[in-house]
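Chemist: coords below, sequence missing:
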Ligand SMILES: [Zn+2]
């Protein structure tokens, strides 16, 4: 399995962001700063098709 790119929208500003996922990342939660507004986004990585990433506002 190769790296997989996932797109998501920032829960703060709504701008599109992207992340590259590694096979071992499924099921993990990580924090990535929005590429636009730089606020922290909590990403929950899913192995299921269709929804690779769920996003939440970090700290809420
Ligand atoms: Zn943002």
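Modeler: Alright, I've got the coordinates. Please read all numbers here as calculations on a predicted model, not as lab measurements.

Chemist: my guess is residue 44 meets residue 52, correct?
Modeler: No - applying C-beta atoms under 8 Å, one finds residue 44 not in contact with residue 52, separated by 9.9 Å. All C-beta spots, glycine's among them, are computed from the backbone N, C-alpha and C.

Chemist: which one of the two has more residues nearby?
Modeler: Applying other C-beta atoms under 10 Å to residue 44 and residue 52 shows that residue 52 carries more neighbours, namely 20 against 14.

Chemist: show the pLDDT at the residue lying closest to the more buried one once chain neighbours are set aside.
Modeler: Nearest residue to residue 52 in three dimensions, chain neighbours excluded: residue 6, at 4.1 Å (C-beta to C-beta, 6 or more residues apart in numbering). At residue 6, the pLDDT value in this model is 85.

Chemist: beta partners of residue 6?
Modeler: Judged by DSSP bridges, the bridge partners of residue 6 are residue 19.

Chemist: can you check residue 56 too?
Modeler: residue 42.

Chemist: and it, what is it in contact with?
Modeler: 11, 41-42, 44 (C-beta atoms under 8 Å, 6 or more residues apart in numbering).

Chemist: determine which two of those are furthest apart.
Modeler: Greatest spacing in those, by C-beta to C-beta: 11 and 44 (11.9 Å).

Chemist: isn't residue 19 right up against residue 34?
Modeler: No - in this structure, residue 19 is not within contact of residue 34 by C-beta under 8 Å, at 11.2 Å.

Chemist: before we move on, back to that, show the buried residues in the contacts of residue 56.
Modeler: 11, 41-42 (16 or more other C-beta atoms under 10 Å).

Chemist: could you dump those into CSV and include distance to the ion?
Modeler: CSV is the format used below for those (distance: C-beta to the ion, whole Å):
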residue, distance to the ion
11, 8
41, 7
42, 13
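
Chemist: residues touching the residue nearest to the spatial centre of the chain, list them.
Modeler: A centroid search over the chain (C-alpha atoms, centre = their mean) returns residue 43, at 4.1 Å, as the residue closest to the centre. Counting by C-beta under 8 Å, 6+ apart, residue 43 makes contact with 8, 19, 29-32, 53-55.
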